[in-house]
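Asks: when you get a sec, could you give me coordinates for this:
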Amino acid sequence: MASIKSKNTFLEIAIRKRLHAKGLRYRLHLKGLPGRPDIVFPKFKAVVFINGCFWHQHGCYLSVMPKTRSDWWKRKLTGNQKRDLLNYELLRAQGWRIAIVWECSVKGLRKVKKEKKLDEIANKLMSFLLSGRKYISLGHKRIPVG
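Replies: As a prediction, the model looks like this:
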């Protein structure tokens, strides 16, 4: 697990580049916020989490439970989910708006479709920032926050 990246993944960098190109400025991985969101927009009081479907058990086709050491994995992954929900609650209590981008939204797409989908995600995030919405989840399956 040490080789699994938690920061600066392909999806995170691709989305950041597109948001920056749209003129949006942000902070990265702020230590003072619960869950250390991947992208923070202090001006809009909004955060973006870019989550891997397996590690955060999204419930889509990418979040299959391993067959070996299943008890250990179940404890590990349900612990991740509980921690995520707690962090979302703490952020909402502090007045932050939350956007979650799931890995399955672009996983497995060919290059041309992936680029188009990344642009679409950036547009949806920009709309979210400019709206008054409290929450958005971008992926194949939506899970409620808190």
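
Asks: all helices of this structure, in order?
Replies: 10-21, 70-93, 111-130 (DSSP state H).

Asks: mind saving the C-alpha coords of stretch 97-108 as CSV?
Replies: Extracted in CSV, the C-alpha atoms of stretch 97-108 (Å, rounded to 0.1, in the frame of the first residue of the first chain):
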residue,chain,number,x,y,z
ARG,A,97,-19.6,23.1,0.6
ILE,A,98,-18.4,19.7,-0.6
ALA,A,99,-17.7,18.3,-4.1
ILE,A,100,-16.6,14.7,-4.6
VAL,A,101,-15.2,13.5,-7.9
TRP,A,102,-15.0,9.7,-8.1
GLU,A,103,-12.4,7.7,-10.0
CYS,A,104,-15.1,5.8,-12.0
SER,A,105,-16.1,9.0,-13.7
VAL,A,106,-13.1,8.7,-16.1
LYS,A,107,-11.7,5.2,-15.5
GLY,A,108,-11.5,3.1,-18.5
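
Asks: other residues contacting that stretch?
Replies: 11, 14-15, 44-54, 58, 60-62, 88, 91-92, 114, 117-118, 121, 125, 128, 133-141, 145 (Cβ atoms under 8 Å, 6 or more residues apart in numbering). (C-beta placed from N, C-alpha, C; glycine too.)

Asks: do that again at 6 Å, thanks
Replies: Defining contact as Cβ atoms under 6 Å, 6 or more residues apart in numbering, one finds that stretch 97-108 is touched by 46-53, 58, 60, 62, 88, 91, 114, 117, 125, 128, 134-140.

Asks: check stretch 124-140 too.
Replies: Contact with stretch 124-140 is made by 22, 41, 44, 46, 60, 97-102, 104-105, 121, 145, as judged by Cβ under 6 Å, 6+ apart.
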